[in-house]
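Enquirer: Here is a sequence together with a model predicted from it:
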2 protein chains.
Amino acid sequence: MYDALIKYFNSYASRPLTGGEIDLIQGFFTPKKLRKRQYFLQEGEVCKYTSFIIKGAMRQYTVDEKGEEHIIKLFLENWWASDRESLMNKTPSIYFIDAWEDTEVLLVSKTDLAVLIDRTPTLAEWIRKLDTNFAIASQRRLNAAISLSAEERFHDLQKTNPAFLQRFPQHIIASYLGINRETLSRIRRRAVKK
Amino acid sequence: MYDALIKYFNSYASRPLTGGEIDLIQGFFTPKKLRKRQYFLQEGEVCKYTSFIIKGAMRQYTVDEKGEEHIIKLFLENWWASDRESLMNKTPSIYFIDAWEDTEVLLVSKTDLAVLIDRTPTLAEWIRKLDTNFAIASQRRLNAAISLSAEERFHDLQKTNPAFLQRFPQHIIASYLGINRETLSRIRRRAVKK
DNA sequence: CGCGGGTTTGATGATGCTCAAGCCCGGTGG
DNA sequence: CCACCGGGCTTGAGCATCATCAAACCCGCG
């Protein structure tokens, strides 16, 4: 159950977690199962937990006045899903987060995570690296969104996150890329031809 | 010289910096002046320093095959400019960073900053908050880039970063928004009419 | 005065969106 | 076993938005 989490933390660590640390971590994370389409967070709620995905797939998105969903992020195994803004500031979220497949996660509250980070240097190291990686990825994705055409963005995604294409239907991918279903369909047709 | 920096750190702290800590910080940051158009970082270089802007304005951008600049970020006083990806991984940067006005910055190397964070809890607190804020801002900007039209993005910028409009010319703003100069010009004309 | 950097304007065209229809496929119920 | 339904994908026609190209303008400065 917790194996994936421990393995994940160790992959970021310069020294593996001790038995005591592992016990500590296990005490703070609680498992939860989400059915497909089940909300982890709804717009207007305050986000209470960060979730680590053991198995499954999730998405984070906004819904505009016309009822259209705009996918902000997609998550698979070994990713973290939460709305940090809502979590940090205790403000109502502007995002939805839900499961796209039946999903198993490990939950941890903001305060518990802070305690863990405080007590285990390995986790302090981890969160710094995670934040950095996130910053880097955001930068790159923003660059793609601003400077590439729809077609180029799709090919960029094929390179950087091919797994998404296997796990999410096309209309989700299209939204993630900021284009619409029909356009993506045409782009793919053109790509196959060559 | 260092006042702005100390004041800035204190604004993030739950307890003000002690005299000793201030001395420590001052020892690690070195002042530098950049003329307008002077590079802080060029594509292909490895980024060595993080710079804190005392006075002035900077921009971070990529240049595509056609020689077009795509503005990724804009910086003003009390912001931090660096390419974290290059800095962390010691890899050649894919970005340019330069001064848009004559600018004064305080430089700190990666290792020095790590030492500082290690020794002063206030800075450890600061970097966590900074990373979080950055994550939040990226999320929002990405959302804007994906789900808003050119016109909406401009009005969003007017709300969220009005200072940019005062300090940078329109073609820079246009690039930052991912649209071209002419389009921005027309958007503004329409906005004035109303 | 002329030059450079920046902005505006117009004409034209590509890119991507909207709307509408049809197809494919797996699941459900008569 | 077949009909039907829903979700997802494709296709086409027409249109809006935005980019491109070219020209002119504006203004501060040497």
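Expert: Thanks, I have it.
Enquirer: And the longest helix along chain A, how far out from the chain middle?
Expert: As assigned by DSSP state H, the longest helix anywhere in chain A is helix A:121-147. From the chain centre to the centre of helix A:121-147 is a distance of 12 Å (CA atoms, centre = their mean, to the nearest Å).
Enquirer: Pull out the buried residues from the following helix or strand past that helix.
Expert: Following helix A:121-147 in sequence order, the next helix or strand is helix A:150-160 (DSSP states H and E). Within helix A:150-160, the residues that count as buried by 16 or more other CB atoms under 10 Å in any protein chain shown are A:E151, A:R153, A:F154, A:D156, A:L157. Where C-beta positions appear, they are placed from N, C-alpha and C, glycine not excepted.
Enquirer: The next helix or strand after helix A:150-160 near DNA strand D anywhere?
Expert: Per DSSP H and E, helix A:150-160 leads on to helix A:162-167 as the next helix or strand towards the C-terminus. No - if you take CB under 7 Å from any atom of the strand as the test, helix A:162-167 misses DNA strand D, and the best it gets is 9.5 Å.
Enquirer: helices or strands next to helix A:162-167 in the packing?
Expert: For helix A:162-167, the helices and strands in contact under the criterion 3 or more CB pairs under 8 Å, 6 or more residues apart in numbering or on different chains; DSSP states H and E are helix A:150-160, helix A:170-177.
Enquirer: buried ones in the longest helix of chain A?
Expert: For helix A:121-147, by 16+ other CB under 10 Å, it's A:122-123, A:125-128, A:131-132, A:134-136, A:138-139, A:141-147.
Enquirer: I'd like to know which residues of chain A are adjacent to DNA strand C.
Expert: Neighbours of DNA strand C within chain A, by CB under 7 Å from any atom of the strand: A:S149, A:A150, A:E151, A:G178, A:I179, A:N180, A:E182, A:T183.
Enquirer: JSON lines please, covering these and showing pLDDT.
Expert: Putting the residues of chain A next to DNA strand C into JSON lines (pLDDT from 0 to 100) gives the following:
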{"residue": "A:S149", "pLDDT": "93"}
{"residue": "A:A150", "pLDDT": "95"}
{"residue": "A:E151", "pLDDT": "95"}
{"residue": "A:G178", "pLDDT": "94"}
{"residue": "A:I179", "pLDDT": "95"}
{"residue": "A:N180", "pLDDT": "93"}
{"residue": "A:E182", "pLDDT": "96"}
{"residue": "A:T183", "pLDDT": "96"}
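Enquirer: ok, of those residues, which come out buried?
Expert: By 16+ other CB under 10 Å, those give A:E151, A:G178, A:I179 as buried.
Enquirer: Distance of A:A191 relative to B:T132?
Expert: Noted for A:A191: a distance of 38 Å to B:T132, by CB to CB, to the nearest Å.
Enquirer: same deal with A:T18?
Expert: As judged by CB to CB, A:T18 and B:T132 stand 28 Å apart.
Enquirer: cool, and A:E69?
Expert: 25 Å.
Enquirer: now A:D3
Expert: Taking CB to CB, one finds A:D3 at 29 Å from B:T132.
Enquirer: which phi and psi does the closest residue in space to A:A124 that isn't next to it in sequence have?
Expert: Leaving aside its sequence neighbours, A:A124 sits nearest to A:I117 (CB to CB, 6 or more residues apart in numbering or on different chains; 5.2 Å). As for A:I117, its main-chain torsions (degrees, to the nearest 10) stand at phi -60, psi -40.
Enquirer: I'd like to know how many residues surround A:I117.
Expert: Number of residues near A:I117 (other CB atoms under 10 Å in any protein chain shown) recorded here: 17.
Enquirer: From the buried ones among the residues of chain A next to DNA strand C, pick the one nearest A:S93.
Expert: Nearest to A:S93 out of these is A:G178 (CB to CB; 20.8 Å).
Enquirer: ok, the closest residue to the closest one other than its chain neighbours - contacts?
Expert: Spatial nearest neighbour of A:G178, excluding adjacent residues (CB to CB, 6+ apart): B:I146 at 3.6 Å. For B:I146, the contacting residues are A:H70, A:I72, A:A145, A:S175, A:Y176, A:L177, A:G178, by CB atoms under 8 Å, 6 or more residues apart in numbering or on different chains.
Enquirer: Wait, the second one touches B:R141, no?
Expert: No - in this structure A:I72 lies outside contact range of B:R141 using CB atoms under 8 Å: 10.9 Å.
Enquirer: bridging residues for the residue most central in space within chain A?
Expert: Geometric centre of chain A, nearest residue: A:F75, 3.7 Å, by CA atoms, centre = their mean. Per DSSP bridges, the residues bridged to A:F75 are A:M58.
Enquirer: Give me the distance between it and A:D3.
Expert: From A:F75 to A:D3 the distance is 19 Å (CB to CB).
Enquirer: Also A:D156?
Expert: 33 Å.
Enquirer: before we move on, the earlier item: within reach of DNA strand D, which of the residues of chain A next to DNA strand C are there?
Expert: Checking the residues of chain A next to DNA strand C against DNA strand D (CB under 7 Å from any atom of the strand), the matches are A:E182.
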